[in-house]
Every structure is written in C-alpha cells, then in structure tokens.
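Student: Quick one, what's the 3D model for this:
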Amino acid sequence: MVKILYVGRVAPIKDLPTLEQAVKIVGAELIINNSYSYNDIPSLFRSADIIVVPTLSKALDKVFLEAIACGIPAIGSDIGYPFMINRFPQLIFHAGDSQDLARKIRWLIDNPDETSKITVEAKKFVKENFNLGELMDRIVANFA
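Tutor: Residues are numbered from 1 along each chain as shown. Model (predicted):
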C-alpha cells in the first residue's frame, strides 16, 4: 500500500481534511507525524512514498522543500507554493480540492519513471533556489 506522509503541526490552516479525503479516494495509507526530532527527518521522509503539504497559508512551509531536497516526491498546495505551479504542475494541487489532490497523488503513483524525473528536476531547483547558505548571502547583500 502506498504511504502518504504529512509532517508538521496539526492546525486548521494545514487543511488535513482535504488530505484525508484525497488519501481515502486513492486508497493509500496516511501517516501524520506532528512529533518528531529534526534529526529524524531524513529517515521519516524515506519511510513514505509521497509527502503532502496541503497548507492554506501563503507562508513558505519548509517540509515541502525539505522533502524535495531529500529526493522524495512531494505535493503542495498552490497557495503555499505558487512559484512551483508552472515549473512542476504535477507537484501542485488546487488548495482545498481533494479531487485534484487525489489526481496528483494517483499520477505520481501511476507514473514512477516520470515521477522520478520530476523529483530529480525539482530537487535541483530547490537546491539552486533555496539553499540556506545562498539565501543568507542574498539577504545580506540586500542590506549591504
């Protein structure tokens, strides 16, 4: 059975009902982990087939980027990750739409070769654009 992982706090803004409904539609197993050590993240991520971050917030949720950086297929909402919509549409679903999220999950499951290619491309994009050291350099440069 496909394992879908949600990592993070449980709060209304995280929209877990949409995720729960989508997982039910595709017949996968949902694992919710809101109590973890940062040292456990790599093994936690590797324990799942897909990580989903269904946030309704415009604030950037690091779990999505961390999952991709670890090479794990991840799906996020169009509210939380609008910069990914045109680059990686297979990894972004319409927030609050469990049917769309289920379609994205199903596509990743049914297309393993394409999923692998997209995951590699997304990992490269995240490393190039969200590397903490490089981000800090750019932030400092803006204040210099």
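
Student: Need the nearest residue in space to A69, chain neighbours excluded.
Tutor: V126 (5.1 Å; CB to CB, 6 or more residues apart in numbering). All C-beta spots, glycine's among them, are computed from the backbone N, C-alpha and C.

Student: Show me what the longest helix that the chain contains is packed against.
Tutor: Secondary structure of the chain per DSSP state H: the longest helix is helix 112-130. When contacts are defined as 3 or more CB pairs under 8 Å, 6 or more residues apart in numbering; DSSP states H and E, helix 112-130 packs onto helix 62-69.

Student: which residues touch the helix it packs on?
Tutor: Here helix 62-69 makes contact (CB atoms under 8 Å, 6 or more residues apart in numbering) with 7-8, 41, 45, 51, 53, 73-74, 76, 80-81, 91, 119, 122-123, 125-127, 130.

Student: Sketch out the helices for the chain, chain order is fine.
Tutor: Going by DSSP H, the chain shows helices at 16-26, 41-46, 62-69, 98-110, 112-130, 132-143.
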